[in-house]
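Participant: pasting a predicted model and its sequence here:
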Amino acid sequence: MSRLMIAGALALAATLPLAPAMAQPDYSGAGYYSDDPSITVTAPRMRHEGRTSTGAPIRVVETDSVVYTRDLNLNTRAGRRELDLRVAAAADEACSFLDQHYPMDNALDTPRECRSNAVNMAQAQVRDAVERAALYGD
């Protein structure tokens with residue numbers, strides 16, 4: 001391996017810890033019922049920029065933000081209200097990230113619509129968390 005390639009690899013490795021950490025959705029469902037319950041808030045950014053070289057449409061950029069619920073008593077009104085506030089804050093954070101890192105002149109949604117979509121998409125997980133708390137006393 002050449003010195004230039006080694007230097008490049010070291011420079012890349014040195015900057016990786018500085019990159020923002022982004023939670024990935026757990027499609028297996030295993031993380032959802034783990035010891036650390038959480039809700040994944042996904043912020044979509046709708047756009048239309050045409051098609052890739054293979055003809056696939058380019059339409060959505062999204063990012064996730066995780067809301068942890070372990071410390072909340074979802075059997076109380078205050079706990080459910082705090083969860084709603086956390087979900088809204090996570091949606092704001094994710095949509096702001098998209099605005100900063102993926103600015104688009106041709107975005108089909110506004111920041112308010114991004115936030116609303118993210119909160120709405122998380123509501124099924126919120127309902128499940130509240131129901132689980134009622135059943136299991138979490």
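Facilitator: Sure, I can see it.
Participant: could you tell me the average pLDDT over the host helix or strand of residue 100, please?
Facilitator: Element membership for residue 100 (DSSP states H and E) is helix 77-101. The pLDDT scores in helix 77-101 average 94.
Participant: kindly report the same for stretch 114-128.
Facilitator: For stretch 114-128, the mean confidence score works out to 94.
Participant: contacting residues around the helix holding residue 100?
Facilitator: Helix 77-101 is contacted from outside by 20, 39, 41-43, 45, 61-67, 69, 72-74, 111, 114-115, 118-119, 122, 126, 129-130, 133, using CB atoms under 8 Å, 6 or more residues apart in numbering. (Glycine included, C-beta is placed from N, CA and C.)
Participant: show me the residues you listed that map onto strands.
Facilitator: Among the contacts of helix 77-101, the ones falling in strands (DSSP state E) are 39, 41-43, 45, 61-67.
Participant: which one among those sits at the bottom for pLDDT?
Facilitator: residue 45 (72).
Participant: before we move on, back to that, out of the ones in strands among the contacts of helix 77-101, which are buried?
Facilitator: In the ones in strands among the contacts of helix 77-101, burial by neighbour count holds for 39, 41-43, 45, 62-67, counting by 16 or more other CB atoms under 10 Å.
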